[in-house]
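Asker: Structure, please.
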Amino acid sequence: MATRYAELHDHTDFSFLDGASGADDLVERALELGLSALAVTDHQGLYGAVRFSSAAVEAGLHAVIGMEIELLDPAVPDPHDLVHSPMWGDARAAGPHSRQYGGIPTRPKLERKRVPWRRAPKREDLRGVRARELGPHLVLLARDGAGYSSLCRIASAAHLAGTKGVPRFTHDLLAQHTEGVIALTGCRHGEIPRRLLAGDREGAAAAARRLAGLFGSKGSESAGSNLLVELQHHLLPDDDWLVAELVRLAEEVGLPVVVTNDAHYARREDRELQDVLVGIRHGLTLDESAHLRRPNGEYYLKSEAELHALPPGLPDADPLVRRAWTDGMAMAGEVAARCHVELAFERYRFPGYPVPRGETPFSYLETLCHDGARSRYHPMTSPVVKQLAHELDVIERTGLAEFFLICWDLMQFCREWRIPAQGRGSAGDSVVAYVLGITRVDPIRHRLLFERFINEGRTSYPDVDIDFASSRREEVIQYVYERYGPEHTGMVCNVVTYRARSAVREVGHALGFPRPLVDRVAKALETYDSVMVRRDLEAEGGFAEFFQESAGEGAAGEGT
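Answerer: Below you'll find the predicted structure:
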């Protein structure tokens, strides 16, 4: 039985201001279309991988994790700048509200002080790099857990070596982390399509061979199935020709082909939202950004039947091309079936607290707790003894001893170096946290409920919020890196999303509405959140009617 089609090149809204659909929406649509699997390949990183994977697992869809990168060097020499992107030009900063692509900061950026033994990565100042100078696209998929680790290392190293907004992906970096990785040659902005479109067929073949050697089997320079030539058709005038040329080149080099659609939104009608996002990204209105938007609305998640009907010139094409398109459809499902990554973040692995010889993490924690209890409580009453024993029993059964030891260790460091620190949140309900000095509120005295903090019926792990003095926070960060090692330490970021007022301002400007009108509508949303806006948009006489009335008043005001 033939494998059903799987989309291997798809972008969520974590391709910031480019992908127009969320992971939940894309997963739902993939199931509606009967796809066997869906890959998410957001730009320059794995930002949306966890959210996408969780949505897919919950819905019962096979998830493939990947990313689409922009290389800052071509696979083969490029003396005539053939592989520089023709898409954006210098227009990224053309609008009055444009977000400068890696512009110079307005004030000096503080450099993080690194621990002495940790070698600082070599950084290259890429703040002057514009989109036309960025290199070709390449899609990377994780075949297994090792492949996911490889992608994480590639993304981390590239962002550390580059400048904010412009990560430094290179072929040398890829060569160090190819284990478990499958590569696709990318859309028409990949190096091979760019060279073909520029008339450099020899350079395209050379790039294909070098990439094949890079992603081939260990110790082999032969073309392996870990590199596939992407075939895409979006009904552009030269797509028939480009597909045929890619097929012939793949046949010549000995590479398999795979059909993808580079989807940036779930449904055809979502194209309008994607156009608005492009305008917002460049600080332009829809009219001003026409040359930056995708030329049509074919970049949506398509069914197997829709893709089988493409390309329109296929019936008149060479039999080799017709067969390759059909094989590429089947290959997409086969590649997806090869990819199995189980993130399993519900199973925590702690970095390992170095307990004294002869102790286990739990026995050492138990000793610290009893010592701390004798210090905190005078006298040790029966309720204290009973509650402490109960909490330690729960901690032992849930395997959280190291978790508490690490929190205690951080507080010990802060006390030793006189760094103000305070634990807060639901951890204040725990006697263990109190006697270890993590929190300062006595849960026995205030009759607080431990089960708010740790409940064996919950699948998620507890968290302890610890605030440090902002002026000395960096000392704590560096201590953690030194104590537990960079392989077991990571900074966590917040992804900032639009609130109702800012969303209205951005969309209003992109749609070309007068600024006074946009300001009036935005101010009316001062107490709104996204749920309230959606509700009132759908309600009769709600926000939509107010906006129409405001638009009418704005137009009347402009006419007087």
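
Asker: Run a quick neighbour tally on Glu416.
Answerer: Per other Cβ atoms under 10 Å, the neighbour tally for Glu416 reads 9. Bear in mind the C-beta positions are built from the backbone N, C-alpha and C, glycine included.

Asker: do the same with Gly372
Answerer: A total of 20 residues lie near Gly372 under the criterion other Cβ under 10 Å.

Asker: Any regions of the protein where pLDDT drops low?
Answerer: Scanning the chain with the threshold set as pLDDT under 70 gives 1-2, 84-134, 217-224, 315, 346, 526-534, 536-560.

Asker: Let me see the ranges of the strands in it.
Answerer: Using DSSP state E, the strands of the chain run over residues 37-43, 62-70, 137-142, 181-184, 227-231, 257-259, 421-424, 465-468.

Asker: And the fourth one, what does it pack against?
Answerer: Spelled out, that is strand 181-184. On a contact count with 3 or more Cβ pairs under 8 Å, 6 or more residues apart in numbering; DSSP states H and E, strand 181-184 meets strand 137-142, helix 145-161, helix 201-215, strand 227-231.

Asker: Kindly recompute the last result at 10 Å.
Answerer: Judged by 3 or more Cβ pairs under 10 Å, 6 or more residues apart in numbering; DSSP states H and E, strand 181-184 is in contact with strand 37-43, strand 62-70, strand 137-142, helix 145-161, helix 201-215, strand 227-231, strand 257-259, helix 319-338.

Asker: Out of those, flag the one nearest Leu405.
Answerer: helix 145-161 (26.3 Å; Cβ to Cβ).

Asker: between the closest one and strand 62-70, how big is the angle?
Answerer: Put simply, helix 145-161 runs at 30 degrees to strand 62-70, going by axes from the mean of the first three to the mean of the last three Cα atoms, to 10 degrees.

Asker: Give the buried residues for helix 145-161.
Answerer: Within helix 145-161, the residues scored as buried using 16 or more other Cβ atoms under 10 Å are Gly147, Tyr148, Ser149, Ser150, Leu151, Cys152, Ile154, Ala155, Ala157, Ala158, His159, Ala161.

Asker: And for stretch 235-242, what's in contact with it?
Answerer: Residues outside stretch 235-242 that contact it (Cβ atoms under 10 Å, 6 or more residues apart in numbering): 188, 193, 196-197, 231-233, 245, 294-298, 310-314, 316-317, 321.

Asker: run the last query once more with 8 Å
Answerer: Residues outside stretch 235-242 that contact it (Cβ atoms under 8 Å, 6 or more residues apart in numbering): 188, 193, 196-197, 232-233, 295-296, 298, 310-314, 317.

Asker: Okay, and which of these map to helices?
Answerer: Judged by DSSP state H, helices contain the following of the contacts of stretch 235-242: Pro193, Leu196, Leu197.

Asker: ok so, going back, just flag the most distant two among the contacts of stretch 235-242.
Answerer: Pairwise distances across the contacts of stretch 235-242 (Cβ to Cβ) peak at 22.1 Å, for the pair Pro295 and Ala317.

Asker: When the two are compared, which one has more neighbours?
Answerer: When Pro295 and Ala317 are compared for neighbours, Ala317 comes out ahead with 17 against 12, by other Cβ under 10 Å.

Asker: Tell me if I'm right that that one and Ala244 touch.
Answerer: Yes: counting by Cβ atoms under 8 Å, Ala244 is a contact partner of Ala317 at 6.1 Å.

Asker: Please, where are all the helices along the stretch 401-550 of the chain?
Answerer: According to DSSP state H, counting those that start in this stretch, the stretch 401-550 of the chain carries its helices in the segments 401-416, 431-435, 473-484, 500-510, 515-524, 530-538, 543-559.

Asker: From the contact counts, what lies against the shortest one?
Answerer: What that stands for is helix 431-435. Here helix 431-435 touches helix 361-376, helix 382-398, helix 401-416, going by 3+ Cβ pairs under 8 Å, 6+ apart.

Asker: Tabulate those in a markdown table, adding columns for distance to Arg338.
Answerer: Listed next are the helices and strands packed on helix 431-435 as a markdown table, based on distance: least, Cβ to Cβ, whole Å:
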| stretch | distance to Arg338 |
| --- | --- |
| helix 361-376 | 39 |
| helix 382-398 | 36 |
| helix 401-416 | 36 |
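
Asker: and the ones you listed, which is most packed in?
Answerer: Across those, averaging neighbours per residue (mean count of other Cβ atoms under 10 Å) puts helix 401-416 on top, at a mean of 19.

Asker: And that helix, what does it pack against?
Answerer: If you count contacts as 3+ Cβ pairs under 8 Å, 6+ apart, helix 401-416 packs onto helix 361-376, strand 421-424, helix 431-435, strand 465-468, helix 473-484.

Asker: chain center to the third one: distance?
Answerer: Going by Cα atoms, centre = their mean, to the nearest Å, the spacing between the C-alpha centre of helix 431-435 and its chain's C-alpha centre is 37 Å.

Asker: Please apply the same query to the second one.
Answerer: Taking Cα atoms, centre = their mean, one finds strand 421-424 lying 30 Å from the centre of the chain it belongs to.

Asker: now the longest one
Answerer: With Cα atoms, centre = their mean as the basis, the distance from the averaged C-alpha position of helix 361-376 to the chain average is 41 Å.

Asker: what's that helix in contact with?
Answerer: Applying Cβ under 8 Å, 6+ apart, the contact partners of helix 361-376 are 353, 355-356, 359, 380, 384, 388, 392, 395-396, 401-402, 404-405, 408, 431-432, 434-437, 442.

Asker: how about the closest residue to His233 other than its chain neighbours, phi and psi?
Answerer: Nearest residue to His233, sequence neighbours excluded (Cβ to Cβ, 6 or more residues apart in numbering): Pro311, at 4.1 Å. Note on Pro311: backbone dihedrals following degrees, to the nearest 10 are phi -80, psi 160.

Asker: Show me the one of the strands of the chain that comes nearest Cys339.
Answerer: The closest of these to Cys339 is strand 62-70. By Cβ to Cβ, the value is 4.5 Å.

Asker: so what secondary structure elements neighbour the closest one?
Answerer: Going by 3+ Cβ pairs under 8 Å, 6+ apart, strand 62-70 lies up against strand 37-43, helix 49-59, strand 137-142, helix 145-161, helix 319-338.

Asker: To Glu487, which of the ones you listed lies closest?
Answerer: helix 145-161 (10.4 Å).

Asker: so that closest one versus strand 137-142, what angle?
Answerer: Going by the same axes, to 10 degrees, helix 145-161 makes 140 degrees with strand 137-142.

Asker: I'd like to know how far the most centrally placed residue in the chain sits from His11.
Answerer: What sits nearest the mean C-alpha location of the chain, by Cα atoms, centre = their mean, is Tyr47, with 1.3 Å. As for Tyr47, its distance to His11 is 11 Å (criterion: Cβ to Cβ, to the nearest Å).

Asker: Equivalent analysis for Gly333, please.
Answerer: Distance, Gly333 to His11, using Cβ to Cβ: 20 Å.

Asker: Looking at those two, which is more packed in?
Answerer: Between Gly333 and His11, counted using other Cβ under 10 Å, His11 has the larger neighbour count: 25 against 22.

Asker: give me every residue that touches that one.
Answerer: Taking Cβ under 8 Å, 6+ apart as the criterion, His11 is in contact with Asp18, Gly19, Val40, Thr41, Asp42, His43, Glu68, Asp262, Ala263, His264.

Asker: mind putting these in a markdown table, distance to Glu487 included?
Answerer: Output for the contacts of His11, formatted as a markdown table (distance: Cβ to Cβ, whole Å):
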| residue | distance to Glu487 |
| --- | --- |
| Asp18 | 32 |
| Gly19 | 31 |
| Val40 | 26 |
| Thr41 | 26 |
| Asp42 | 24 |
| His43 | 26 |
| Glu68 | 26 |
| Asp262 | 34 |
| Ala263 | 35 |
| His264 | 35 |
